[in-house]
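Student: Sequence and predicted structure are below.
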Protein chains: 2
Amino acid sequence: MTAVAPIFRDRVVIVGGGFGGLACARGLDGADVDVLLLDARNYHLFTPLLYQVATALLDPSDIAYPFRTVFRRSHNVRFRQARVTGVDFDARRVEVAGGEPIPYDTLVLATGSGNAYFGNPALAERTIGMKSLDEALRLRNHVLSCLERAAQATDPAERSRWLTFVVVGGGPTGVEYTGALAELLGLVLGRDFPELPPGSARVVLVEGADRLLGPFHPRLGAYAADALRSRGVEVLLSTLVREATDDAAVLASGGETSTIGARTIVWSAGVGPTDPLPDKEPDGAAVARSRTRRLEVDEHLRIRPGVYAIGDVASVRSGDTGTGAELPMLSPPAMQEGRYVAQTIRSGGEPVRPFRYTDKGTMATIGRRAAVAQVGPLRLRGFPGWITWLVVHLYYLIGFRNRATVLASWGWDYLRRDRPIRLIVRSRYDPVVAALVPDEP
Amino acid sequence: MTAVAPIFRDRVVIVGGGFGGLACARGLDGADVDVLLLDARNYHLFTPLLYQVATALLDPSDIAYPFRTVFRRSHNVRFRQARVTGVDFDARRVEVAGGEPIPYDTLVLATGSGNAYFGNPALAERTIGMKSLDEALRLRNHVLSCLERAAQATDPAERSRWLTFVVVGGGPTGVEYTGALAELLGLVLGRDFPELPPGSARVVLVEGADRLLGPFHPRLGAYAADALRSRGVEVLLSTLVREATDDAAVLASGGETSTIGARTIVWSAGVGPTDPLPDKEPDGAAVARSRTRRLEVDEHLRIRPGVYAIGDVASVRSGDTGTGAELPMLSPPAMQEGRYVAQTIRSGGEPVRPFRYTDKGTMATIGRRAAVAQVGPLRLRGFPGWITWLVVHLYYLIGFRNRATVLASWGWDYLRRDRPIRLIVRSRYDPVVAALVPDEP
């Protein structure tokens, strides 16, 4: 049995078990401190594959792993499922919803990011995001329900609205989801839905900048646009979504507006940090934030003595001197920051060297045998990029079982050209799904 | 591509794609009629394994199969996702929620059963059923959330209520779920939850009759009770649940009442038919129903010319003369009835012989290497019963992929003594889950 930890050890509280928080907790596993990991969910989510849950290729359990299983053999890392609502820095306690405050000696804030809508609440209400398992499942059920509704529609205009899918945002998430959605529609129209001829669906990717995949080399962005267009996707660059309603998206491009009738608008155009700190501290001083509202940290990733911020929630600069651009909200910086903070805590809180980010590359997949990967000066695309993407994602996926089942699903998809999972399960969650499957009386 | 069916053929409408409706639709695949299968869900559910989804062993997609995939290659069977709200026998049309009425020449009612609470609405509200994928997922999330709450509870009485699980009903579903729940708790207490010592949970199975597994031979019922007790389950026979509240179940046994503090009460004590017919026909005549409220059918499973009822919704008698006891609400009678009706329709609606049920056996599993199976005079239990159970259930599971992934999950469970899926995903559905994981603002 696990021994009860002695009470005189320092207590480290990590808030958030995404890539940053999990890397930090793993780095502290076995160290001479007590670690309490807090998360509102009971599982770590492998977010890079969320779009595959949303497009009926993977099951939720393929990309999620319970924290308690990760730390089952640990003697000093514990998990508690709780949503943190605030931090009392003076009393050194974190406040949690519906529970007693939790004391800490060292605090690591790793609460990640959520959808950001640039102050337009209608966009939040009328679009479906891609940041959580809940959202991915909602999106999957919604899209499948739209196909069932289209199959029943008698009015051609109405049918076309059920069959039009607008994706907002051409970053890695938007590109990956769009590619996978186009493949899903290609697989089921005509075959599973004889009422809906192949090619009757319309997928539109809307990007505000003049190219896709901003963080990548422009040539890879152009390749992604070509690859999507060859799969039947309409790619609209330098275009913004002004408005979203239940059955249309209003677009603006070069001073002109246009409307696309669509029952589905997917939001991947903006994310923002979701930390539990207020904008003003109790003494009236502002919490220091970057222009993107991430928490300002020193070169040792501290926002104050004994309190660290890592991952999407922290504003960390790139470059050898730590003065370059803000690091992107992606898993590699978060993991490196988490490991760095764990190292610092292991050495008694005395940082030996400032944090420096090592860029090991970025990648995104567009579909069957098509992906882009950028590793230093190396730029891969097409089949080589796709194989690289497969290997790296399988390698980073937690747990033998997840790897095996994901590999099996990918193999099925590749060989059979079929998506295994097309169940519309949750009827009360999305208005379209609910209307299609009214609850039993 | 599939040819458009000629319009002069007879149109068969099958309402409900459970075991009966699916068997009927498959029996009509390729026949000289147009078949439209209607179901409120877009998938066939392998309900005998629902308790394994509820106990974190299988994923929803392992036991559900989309209708459109089943009939992808069919030229005459179509699917439409719709909830049927009534039937106009004179106009020969079925009415659907939110859509135009659908005409039929021949109608097959196969709408199955739902939870029945014997007129006690509080039981419906305070207990969790086991009839649908939605309920199984809710139950899984609920039980896992109770463990998280127990781990956080400071008051011992409160903690014990989070750790007490009452299952009402000792039929096959109740016995199978109870056995699987006891195994799940044995696997995670102490190991995943070091805060909760092994044996700190309490599982109570409450049955109104004086033995478990009513449809089986009494000796198998006694074996099941012994096997559950040896797994730490309290089995209470001749006991009824009078009342259910948020944190207690009130039991009555032999004139005495007692209260068990529990946050979880699972309902498997009663099911009733869920057909879309009213109790009175428009002309004032009563719809003929049996004592259990199932639809009375003639020996050719008709409730009137051209309208058949099969499965849980139909009152069909056993025995060589069709005058025995009502057939149980299980999949084997439903499947035989579905195939019989398909045969009758194929022969132009002229039934050649009355329907007779052939009992091929019943089985239920209690846990690792323990099951009961009754095949004619043969009664298996323990390991032989368990192996029989495994083979039969894998055989009847639809689709190669489902079989492969279910086998993989069972192998994992057996060899690793671990449950792969312990995610608490849906936060808005169950009050306990919602309180543990408050929605983001």
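Tutor: That came in fine, so what should we check first?
Student: Of all residues in the stretch 151-300 of chain A, which one is closest to chain B?
Tutor: In the stretch 151-300 of chain A, the residue found nearest to chain B is residue A:192; the distance is 4.0 Å by C-beta to the nearest C-beta. Any C-beta I mention is one placed from the backbone N, CA and C, and that applies to glycine too.
Student: Give me the nearest residue to that residue, chain neighbours excluded.
Tutor: If you skip the residues right next to it in sequence, residue A:192 has residue B:68 as its closest partner in space, 4.0 Å away by C-beta to C-beta, 6 or more residues apart in numbering or on different chains.
Student: and the one you found, helix, strand or coil?
Tutor: On the three-state scheme (DSSP: H, G, I helix; E, B strand; the rest coil), residue B:68 is labelled helix.
Student: residue contacts, it?
Tutor: Residue B:68 makes contacts with A:188, A:192, A:193, A:422, B:42, B:79, as judged by C-beta atoms under 8 Å, 6 or more residues apart in numbering or on different chains.
Student: Flag the least confident of those residues.
Tutor: Lowest model confidence among the contacts of residue B:68 falls on residue A:422, which carries 72.
Student: Let me know the secondary structure of that residue.
Tutor: Following three-state DSSP, we place residue A:422 in the coil state.
Student: Got the phi and psi for the closest residue to residue A:172 other than its chain neighbours?
Tutor: If the residues on either side of it in the chain are set aside, residue A:172 comes closest to residue A:364, at 4.1 Å by C-beta to C-beta, 6+ apart. Its backbone dihedrals place residue A:364 at phi -150, psi 140, with angles given as degrees, to the nearest 10.
Student: Could you measure from residue A:364 over to residue B:100?
Tutor: Using C-beta to C-beta, to the nearest Å, residue A:364 is found at 44 Å from residue B:100.
Student: again, but for residue A:337
Tutor: Shown here: residue A:337 relative to residue B:100, a distance of 58 Å by C-beta to C-beta.
Student: Pick out whichever of these two has more residues nearby.
Tutor: residue A:337 (27 against 10; other C-beta atoms under 10 Å in any protein chain shown).
Student: Now for the more buried one, which secondary structure element holds it?
Tutor: Here residue A:337, judged by DSSP states H and E, is contained in helix A:331-346.
Student: Please save the CA atoms from stretch A:139-149 in PDB.
Tutor: Written as PDB, here are the backbone C-alpha positions of stretch A:139-149 (Å, rounded to 0.1, in the frame of the first residue of the first chain):
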ATOM      1  CA  LEU A 139     -19.900  18.800 -32.700                       C
ATOM      2  CA  ARG A 140     -20.000  15.100 -33.800                       C
ATOM      3  CA  ASN A 141     -23.600  14.700 -32.800                       C
ATOM      4  CA  HIS A 142     -24.500  18.000 -34.400                       C
ATOM      5  CA  VAL A 143     -22.900  17.200 -37.800                       C
ATOM      6  CA  LEU A 144     -24.400  13.700 -37.900                       C
ATOM      7  CA  SER A 145     -27.800  15.100 -37.000                       C
ATOM      8  CA  CYS A 146     -27.500  17.700 -39.800                       C
ATOM      9  CA  LEU A 147     -27.100  14.800 -42.300                       C
ATOM     10  CA  GLU A 148     -30.200  13.100 -40.900                       C
ATOM     11  CA  ARG A 149     -32.100  16.400 -41.200                       C
END
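Student: all helices of chain A, in order?
Tutor: For chain A, helices defined by DSSP state H occupy the ranges A:19-28, A:50-54, A:60-63, A:67-70, A:121-126, A:133-152, A:156-162, A:172-188, A:218-230, A:331-346, A:382-396, A:400-416, A:431-436.
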